[in-house]
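Asker: I would like the atomic coordinates for the input below:
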Amino acid sequence: MKIAKILMVLAAPAGLMGVGAAWVTPAASQDAPLSIQTSFRIGNAGVRCTAQTDPNEARLNGMFDRAYKLTCRDAAGAVGSLLVLRDGQALGSKPSGAGEGAICEAVQADQIELIGEVTKVTCTDQAVGISYRSYSFTEDGRTYLAEGLAGYDPVLRIALASVYNDRTLPGTIEVAQTEVADAAAFARVQAGSLSQFDALSEAYVRNNSGRFAESGQFFENLAGRDQQNSAVLAEVLANQGLQQSNLGNFAAAERLFNEADNALTRSDGVAQRLIRNYRAISLINQRFPDAALDILGQEMRTIEQETQEISIRDGFIDNPLATQINRENIALQRLGGVELGLASLERAELLDAQADAIAGSIARQQNDLIKAAELLRKADSRIAAVRDGRVASARWLRSEIAIERALVAEGLGQYELAVRAYDVAATAIARDYPQSPVLLAAIARKAGFLERIGRTAEARALFGQVVDRSSTTSDAGAGLQNLLEPYFALLAKDGSAAATAEFFGASQLLQRPGVAQTQAILARQMSEGNDEASALFRLSLNRSREIARTQARADRLAALTEPTQLQVEGLAAANDTLNYLRAEQTKLVSKLSDYPRFRALSPTRLELAELQDELRADEAYYKMMVVGQDIYALWVTRDAARSFKVEAGLREVDNAVAFIRDSIVVYESGQTVTYPYDVERARALYLSLFGPIEAEVAKVKHVIFEPDGPMLQLPPQALIASQEGVDAYLERTQDVRADPYDYREIDWLAKTRDVTIAVSPRGFLDVRRIAPSRAQKAYVGLGSNALPTGRSESSDPCDWTLSTWRDPIDPGELFFAADKFGKENSKVAVGEEFSDTALLSSDELSNYRVVHFATHGLVTAPKPNCPARPALVTSFGTGESDGLLSFKEIFDLRLDADVVILSACDTAGMATSAASRDAGVVGGGNYALDGLVRAFVGAGARAVVASHWPVPDDYDATQRLIQGLLSGAPEDGLSGSLGTAQRELMADAQTSHPFYWAAFIVLGDGKKPVQAN
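Answerer: The predicted model follows:
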């Protein structure tokens, strides 16, 4: 059995047991030599790049030769190679990537720090303008070579120096960037470049180090590779199941656990134990500890001693076994272990010890501390007895147990013993994962413990170190979100300027991908500079999306258990396409390095003063954050800032939003129904969110609101800013003859203030700083689809029925807007002209500053068991038209728009992560605003006007809002113009209910005008 099973035994589940440890700065001696590592980071700052072993490198001649692929975030393929060879005579005179026609400069001598003199060769492919470079030297009978794309010169130099010195070296990697930091996307690229064995090893290393998003991408990649290897498939499915459980997707987790069970062979008691443990952890996540104990008590298959193990004991080793042992030995050394591959009995023993540890954790949570201590001590002893605890992953599990023992000691009031237990855990974690989220989580857990026992100064200092170090630790935010709650509580309670600045810095760890990431990309794309650079940038993004889409198609084909010959050929073609696209995209990113603005290293964290400098005198930024079951808020103006804890918790706010939404609009018997608005809950929710700053809110004209949690689904302008109007409404409606739908006396948040929605402080500033559209024309209006005549219903049960197209939106608002901007400067396309094929076959939309859709938005699934695929309804076009502008197709539009107006139903909803992947977007999804809004930002919209519920036709409410939006004075900006229109509807008894005026939001910079000229 391969070394993968050693790793499988101790895979790190997020949330198995609490992680906590002292702050430890790892000594240099704790770092394993690079020569025994599967991969290592190149440098320690800037763009994240790694070297990964490449056993398939054709130039390897013997067991002492080494080769690595060099990969960097944002590059879809390898950017170079790194070799250490005993015999370097066969190496060519120029970089291997350079083609035959490449023209090479004269060989030069160069100096690399910590190496000395090296030979440098640079060759350029004149046809495409791509340069390649190599650095080489020979010492002590070994030839060292780093070669690759010249745009990644810092990577080549630092990688070569690192492998020569056999240790990771510091250094800043300043190369071209196209995306914001997205650890998951980078991990997916890396997973595709490794063998199955190495990818599985890396999956567990990243999982154990707390990089759960990265690990998830590795497991997802592995799940699509080999459906025939049941042992590997079972453990991959089990790990995917645990990750789904940790995300709260318990039904999906159970399905994956069942699939893992079905993939087991009858004799595989090791993987059976893994699945047992993961099921138990999933039940703990669901707060079913007794059910978890039942799972842990189930009888497991007996582990028989393997024939190969008996052969070893008897002194007989055949050639296949020798090959396996050698491979396992090398792999184990790379992971920091010191023994040969573990026997099945040993692996089973470790898994059973892990089961004891899980049971001990349950006992602690049930406050049976004596039993917990006994079980944890037993688990630790069992692990220590296996090879003397010298396997790296076993040390990791013992550190987890030490953390649990610290929590038990805390419960028993043995505080000094708890501190020592945290320190023991920290030492183990720092030894094997010195720069990892799991170490940061350990520090945060100890800081939380110190806060609980009243040592607040020490706690705050430790929390501060966690936040500072997280900026250079990828994928740190997800694991820290709940652990930082005591830190936010301390800072909010402090209330000083310094504490608020700390609060703001820490809050950026919790930023979700999605729209914020896409806004950052848009900002790079729209930045001032060379036109050729902008074209290269967009082309590289398009290639990246094609790669993600092709990979998704390849994964689906690879997952088929009985593929047809056509599907086999399709998989081969997809893999060939992937190789071509990866190489092309990587070359494009390398060429971008010629343009300094794409090499600029954007700071990962925004300073509070930087946000304040961009705010105007009448503006305020409100940032809402859900941390565990609590909610915190940050209020920032140009001259002051304040953080505070929201009195209502997550569950209370969630319930309030649900009740308020149901009083705005609900679906009953296929119809939308509006009830009298829940004014009392809307007022109470306002007080929860804004009560501590009520006086400050009254002084501002423009509120930039960053929602989180339930408020992603409710526009804040529908909250009520004062009690007098509520009291007047309640008193008036005691008369049965009074109209309960007349809300003219209510003081809405938006009654005297304009509101803009933001998704992150940096995203807001990115959009504020983008230059306005350079499009030559002002306005294009699209909508009122043609009726689907002559078409029959689709045979696919998950397609929308033709009734979807039989109630087109009235185009009146489009023609009004066109008249507003002038016929010579605008266009309206309705009916047959408004088809998906027409929109996708032309770049004409890029000629307009305002792009306006008045059509139906589809953001839910057609049927309960079908996937949600966000789209806009269009007319049916030619060929294979489906009459929809899908999430994926919207991303492919080429826009240069100041604003996209989506006068359609529920367009502020989410897209699933699966729909995002189909669109070629890795990261984000599953949150409101990550659907059609994100797609249009990705297509080139600086701002998007979208709706939170079906927009009404009654009383011309929607048309009046859109007309007002487009009729405002330039100095009012989008939010000001929309706010004025909303206030007119508030003042009309027939349209004063929030259903008529509150659906629309402006995402972007609401102070930017809609430019008519």
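Asker: Let me know how buried the nearest residue to P170 once chain neighbours are set aside is, in neighbour terms.
Answerer: Leaving aside its sequence neighbours, P170 sits nearest to N44 (Cβ to Cβ, 6 or more residues apart in numbering; 4.6 Å). In short, each C-beta sits where N, CA and C put it, glycine included. Residues near N44, counting by other Cβ atoms under 10 Å, number 15.
Asker: ditto for G116
Answerer: Neighbours of G116 using other Cβ under 10 Å come to 12.
Asker: just the one 3 residues further on next, same as before
Answerer: One way to gauge burial is a neighbour count; for T119, by other Cβ under 10 Å, it gives 15.
Asker: I'd like to know how many residues surround the residue nearest to it when sequence neighbours are not counted.
Answerer: Leaving out its chain neighbours, the residue that sits closest to T119 by Cβ to Cβ, 6+ apart is S136, at 5.1 Å. As a burial measure, S136 scores 18 neighbours (other Cβ under 10 Å).
Asker: May I have the secondary structure class of S136?
Answerer: strand (DSSP: H, G, I helix; E, B strand; the rest coil).
Asker: Please report how far it lies from L60.
Answerer: 16 Å (Cβ to Cβ, to the nearest Å).
Asker: cool, Q37 as well?
Answerer: Counting by Cβ to Cβ - Q37 and L60 are separated by 17 Å.
Asker: which of these two has more neighbours?
Answerer: Taking Q37 and L60 together and counting by other Cβ under 10 Å, Q37 has the greater number of neighbours (20 against 17).
Asker: Quote the end-to-end distance of stretch 445-460.
Answerer: End-to-end distance of stretch 445-460 (Cα to Cα, to the nearest Å): 12 Å.
Asker: ah, wrong one, I meant stretch 188-202
Answerer: End to end - Cα to Cα - stretch 188-202 spans 11 Å.
Asker: now stretch 448-463
Answerer: Start-to-end, stretch 448-463 (Cα to Cα) is 8 Å.
Asker: In it, which residues are buried?
Answerer: In terms of neighbour count (16 or more other Cβ atoms under 10 Å), stretch 448-463 has its buried residues at G448, F449, L450, E451, R455, T456, A459, R460, L462, F463.
Asker: who touches the fifth one in this structure?
Answerer: Contacts here follow Cβ atoms under 8 Å, 6 or more residues apart in numbering; on that basis R455 touches nothing.
Asker: From V419, how far off is it?
Answerer: 10 Å.
Asker: what's around M300, how many residues?
Answerer: As a burial measure, M300 scores 14 neighbours (other Cβ under 10 Å).
Asker: That one looks like it's in a strand, true?
Answerer: No - M300 is assigned coil when assessed by three-state DSSP, not a strand.
Asker: Could you tell me the per-residue confidence at I312?
Answerer: With respect to pLDDT, I312 has a value of 40.
Asker: Adjust the sequence numbering to begin at 49 for everything that follows.
Answerer: Got it, first residue is 49 now, which makes that one I360.
Asker: What segments of the stretch 849-998 of the chain are helices?
Answerer: Using DSSP state H, counting those that start in this stretch, the helices assigned to the stretch 849-998 of the chain run over residues 860-869, 884-888, 935-940, 961-966, 980-987.
Asker: Deepest-packed of these, please.
Answerer: Of all these, helix 980-987 has the most neighbours on average by mean count of other Cβ atoms under 10 Å, namely a mean of 29.
Asker: taking the mean pLDDT, what do you get for that helix?
Answerer: 81.
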